[in-house]
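Got a predicted model here, sequence first, then my questions.
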Amino acid sequence: MILSLLRTLVILIPFAVLSGCNNAPVLPEVMRAEAQKDILWKAGAEIYAPEEYKGYLSSLKNGRDLLIAQNAKFGPFRDYESVTQEFRNIILRGELIKGIIEEKKGKLYFETAEKIDSLNSRVENIRKLSSMINEGRLSSHSLTKAEIYLGEARQLFGKELYNDAKKKIDIASRLVSVSVDALSPILKRYADEGQIAKWQGWVRETVNESKERGDYTIVISKIDKKLILYNGGVLYKTYEIGIGINGSKDKLYAGDRATPEGKYRIIKKVRNSRYHRALLIDYPNDEDRRQFVISKRKGIIPKYAQIGGLIEIHGGGKDGMTYGCVGMDNNHIDELFRIVEIGTPVVIVGAVDFKNHISSAIREL
């Protein structure tokens with residue numbers, strides 16, 4: 001009997017030892033924690049909650065070590081309650097990190113979306129402003145690059161890569177600033193109340209003189225690209241025009257391709273001009289010469305620059321850009337050529353209204 005019992009123990013003890021070492025239970029909390037770790041990583045825990053995620057991984061390692069230690073024990077002596085509780089705490093910690101990620105992502109979502117919309121509106125406004133002046137080409141290269149980076153930011157935003165999107169937005173913003181810097185000196189003239197008041201004074205004086213004399217006067221608004229013909233102080237007819245390649249600027253010297261601003265007169269009618277018909281004005285007048293000398297002293301213009309001349313209202317078309325003259329369609333210059341005489345006043349201004357389309361749009365830059 002005793003011998004039989006001993007034989008049974010010899011058989012069961014090794015089996016029990018092997019069972020205790022190899023048949024560890026599968027704890028659902030452990031499986032949840034392992035799955036949670038991957039979910040948090042994919043959600044961007046390393047980006048949005050790096051310190052919290054680092055602590056979480058350390059706790060997970062401790063939990064694994066605790067599980068290994070219990071599994072190494074002889075079966076009857078194992079206690080998985082402490083392991084289960086440890087992994088429950090790890091899961092709770094992971095849920096808190098998930099909340100942090102979602103909160104930060106939500107904040108970044110709205111911040112990034114707002115930046116993209118704001119920058120897009122700014123780009124559209126600069127494009128619109130650029131189209132209003134011949135010098136818009138000065139901002140074209142930087143603005144095009146800004147639009148490319150803005151497009152890349154939108155793609156990254158769609159993939160929830162908000163930090164990467166913000167980097168693209170920052171580059172695009174700098175390029176937009178370069179575009180604004182190129183245009184601002186030109187555009188600000190058309191939002192400068194003092195400058196516009198000066199232009200309005202020229203127009204008012206010239207039109208009043210027309211009224212007193214009962215004859216024709218020409219007013220040219222560069223920003224509106226309009227030639228307005230008055231007769232006896234009353235608006236008679238309006239024509240569309242083209243101006244210099246750098247026509248939105250005031251002319252300073254020969255070759256700057258700007259259209260002059262000031263009060264002039266027609267001094268010659270050229271019937272067979274290179275540009276169909278032409279009306280030559282008396283640029284430069286005394287005021288132009290005075291400003292030329294001042295600009296040279298200040299170093300605003302090149303040292304060896306000349307003042308230039310031969311500024312005309314001529315045919316050849318309104319849609320092209322001139323070297324500083326005022327261009328009109330041939331049928332319109334034919335009509336104007338018949339109406340006006342030598343001596344007719346011509347006033348050229350940047351704008352005639354404080355609320356011109358540039359002054360309104362520039363406030364949004």
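Nice, I can see it.

from the chain's centre, how far out does stretch 88-102 sit?
Distance of stretch 88-102 from the chain centroid (CA atoms, centre = their mean, to the nearest Å) equals 39 Å.

make that stretch 116-130, sorry
Worked out by CA atoms, centre = their mean, stretch 116-130 lies 5 Å from the chain centre.

and it, which residues are buried?
With burial defined by 16 or more other CB atoms under 10 Å, the residues of stretch 116-130 counted as buried are 116, 119-120, 122-123, 125-127, 129-130. The C-beta positions use only the backbone N, C-alpha and C, and glycine is treated the same way.

now that stretch: mean pLDDT?
The average pLDDT for stretch 116-130 rounds to 90.

same check, this time on stretch 356-365
If you average the pLDDT over stretch 356-365, you get 68.

and if you look at stretch 223-238?
Averaging pLDDT along stretch 223-238 yields 94.

Tell me where this protein has strands.
216-221, 226-231, 234-240, 262-273, 276-281, 312-314, 326-327, 345-349 (DSSP state E).

where along the stretch 101-250 of the chain do the helices fall?
137-158, 162-187, 193-213 (DSSP state H, counting those that start in this stretch).

nearest to K37, of these?
Closest of the helices of the stretch 101-250 of the chain to K37 is helix 162-187, at 21.8 Å (criterion: CB to CB).

Give the other helices and strands that that closest one contacts.
Judged by 3 or more CB pairs under 8 Å, 6 or more residues apart in numbering; DSSP states H and E, helix 162-187 is in contact with helix 81-132, helix 137-158.

any idea which of the ones you listed is most buried?
Across the helices and strands packed on helix 162-187, averaging neighbours per residue (mean count of other CB atoms under 10 Å) puts helix 137-158 on top, at a mean of 18.

for it, the distance to its chain's centre please.
On CA atoms, centre = their mean, the centre of helix 137-158 falls 7 Å from that of its chain.

what's the angle between that helix and helix 162-187?
Interaxial angle, helix 137-158 versus helix 162-187 (axes from the mean of the first three to the mean of the last three CA atoms, to 10 degrees): 160 degrees.

Helix 137-158 packs against which elements?
For helix 137-158, the packing partners by 3+ CB pairs under 8 Å, 6+ apart come out as helix 81-132, helix 162-187.

which one of those helices lies closest to G232?
Proximity to G232 (CB to CB) singles out helix 81-132 among the helices and strands packed on helix 137-158, at 31.9 Å.

Can you give the contact residues for stretch 230-241?
207-208, 210-220, 225-229, 313, 318, 326-329, 332, 336 (CB atoms under 8 Å, 6 or more residues apart in numbering).

Please apply the same query to stretch 198-218.
With CB under 8 Å, 6+ apart as the test, stretch 198-218 has contacts from 219, 227-234, 236, 261-263, 266, 313, 336, 339-341, 344-347, 349-352.

Mind checking which of these are buried?
Among the contacts of stretch 198-218, those classed as buried by 16+ other CB under 10 Å are 219, 227-230, 233, 261-263, 266, 313, 336, 340, 344-347, 349-352.

Count the residues that sit near I241.
26 (other CB atoms under 10 Å).

Could you report the distance from it to I348?
Counting by CB to CB, to the nearest Å, the gap between I241 and I348 amounts to 10 Å.

Using ChimeraX, make a named selection holding only the buried ones among the contacts of stretch 230-241.
Buried residues among the contacts of stretch 230-241 (16+ other CB under 10 Å), as a ChimeraX selection:
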select :207,210,215,216,217,218,219,220,225,227,228,229,313,318,326,327,328,329,332,336
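
Quick one: residues contacting the spatially most central residue of the chain.
The chain has V123 as the residue nearest its centroid, 3.7 Å off, counting by CA atoms, centre = their mean. Each residue near V123 by CB under 8 Å, 6+ apart is listed here: 143, 146-147, 150, 172, 176.

Any idea what the residue nearest to H332 when sequence neighbours are not counted is bridged to?
In this structure, H332 finds its nearest non-sequential neighbour in Y239, 4.8 Å apart by CB to CB, 6 or more residues apart in numbering. With DSSP bridges as the criterion, Y239 is bridged to L227.

so where's the stretch 51-200 of the chain uncertain?
Within the stretch 51-200 of the chain, no stretch has pLDDT under 70.

if you set the cut-off to 90 instead, what comes out?
Scanning the stretch 51-200 of the chain for pLDDT under 90 picks out the ranges 74-77, 79, 125-140, 160, 180-193.

Would you confirm that A191 contacts I358?
Yes. Contact criterion CB atoms under 8 Å: A191 and I358 qualify, at 6.7 Å.

Looking at these two, which has the bigger crowd around it?
Remark: of A191 and I358, I358 carries more neighbours, 23 against 18, as counted by other CB under 10 Å.

and stretch 34-54, how far from the chain's centre?
Counting by CA atoms, centre = their mean, stretch 34-54 comes out at 34 Å from the chain centroid.

mind listing what's buried in that stretch?
36-37, 40, 43-45, 47-49, 52-53.

quick one on the thing from earlier: is it possible to export the helices of the stretch 101-250 of the chain to a markdown table including distance to Y109?
Putting those into a markdown table (distance: least, CB to CB, whole Å) gives the following:
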| stretch | distance to Y109 |
| --- | --- |
| helix 137-158 | 8 |
| helix 162-187 | 7 |
| helix 193-213 | 42 |
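
follow-up on the earlier one: between the helices and strands packed on helix 137-158, which one is nearest to N285?
Among those, the nearest to N285 by CB to CB is helix 162-187 (23.3 Å).
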